[in-house]
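J.: I'll drop the sequence and a predicted model, then ask my questions.
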Amino acid sequence: MQECLAFLKTHLTHGYLELKTSFEAMKQFNCTFWDIEDLALKNGILPMRYKRNQHTLSTHDQYSLFESHVAIVGCGGLGGLVAEMLTRLGVGSLTLIDGDTFEEHNLNRQNFSSIATLGRYKADVVQESLESINPALKAFSYPLFLSLPTHENLLHAANVIVDALDNPSLKSTLAQWAKEHQKSFVHGAIAGYYTQCATNQTLETLYHTPQEGAETKLGNLAFTANFAAAIQSAEVLKILLNKPHLTHPLMGDLWDYELVHL
């Protein structure tokens, strides 16, 4: 790969690696886009699409994200947004798990739902969309409803597990599984104007009795989903880069926020 590296170094634009150069290197050296990205970041070369990350995230940070794997359980309002943000940040591998399909009532907030995607599996649509954003991404789609321990093999490779589910019972089960297997876990939930987030917490105090999600009564709004997904994405990034995560002064690692006070 030394010849490929030399090619990249002599074809930078203002010190950055452009997509067209990566695609040309793929042809010349018979390798994948992932190979090019790995070679570049490993040698301190930053792809142009991360230019606006720079000064907040170093090239070393970008390589750490590139080597990371995140599992997102639920690819709807929260999960689809988290998946896109992590892809744009440069996370290298995503496992996408959701057995649901897009329906009309998703159009108010779920960023990959559209007239064209109605009836399709959310996990498959999200995978295709993410790969068009970042060709270096390794995205794995599993259009199924997670059941533990039956599907636990889908979670073992992940550095972080993101809870973007709307099923309280499954949320608690997933959180407990993450704790038992020493996996970092980021919980998120929304309902109406209300958002909730937790890191590395079991959820038995929240969902200690069988119940429906609060969103069945309060609904879900686009800006609430975006807010919660942004917090979840930030927490995932901080876990992957070993930065301090947020701590609510009253609730420790669990916090909630009401966007509109009624």
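T.: Done, it's in. Numbers count the residues shown, from 1 in each chain.
J.: Would you map the strands across the protein?
T.: Secondary structure of the chain (DSSP state E): strands at 16-17, 46-47, 69-73, 93-97, 138-142, 160-163, 184-191, 194-199, 254-258.
J.: got CSV for these, with mean neighbour count, mean pLDDT and distance to Glu84 too?
T.: No exception for glycine: its C-beta is placed from N, CA and C like everyone else's. Rendered in CSV, the data for the strands of the chain read as follows (neighbours: other CB atoms under 10 Å; pLDDT from 0 to 100; distance: least, CB to CB, whole Å):
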stretch, mean neighbour count, mean pLDDT, distance to Glu84
strand 16-17, 20, 98, 22
strand 46-47, 22, 98, 17
strand 69-73, 25, 98, 10
strand 93-97, 24, 98, 10
strand 138-142, 18, 98, 11
strand 160-163, 26, 98, 12
strand 184-191, 24, 94, 14
strand 194-199, 22, 90, 18
strand 254-258, 15, 79, 21
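J.: Could you point out which of the ones you listed sits nearest Ala228?
T.: Distances from Ala228 to each of the strands of the chain were compared using CB to CB; the minimum, 4.1 Å, belongs to strand 194-199.
J.: ok, the closest one: who's next to it in the sheet?
T.: Strand 194-199 has its sheet partners listed here by DSSP bridges as strand 184-191 (antiparallel), strand 254-258 (antiparallel).
J.: of all the ones you listed, which lies closest to Phe66?
T.: When the strands paired with strand 194-199 are compared (using CB to CB), the closest one is strand 184-191, at 17.7 Å.
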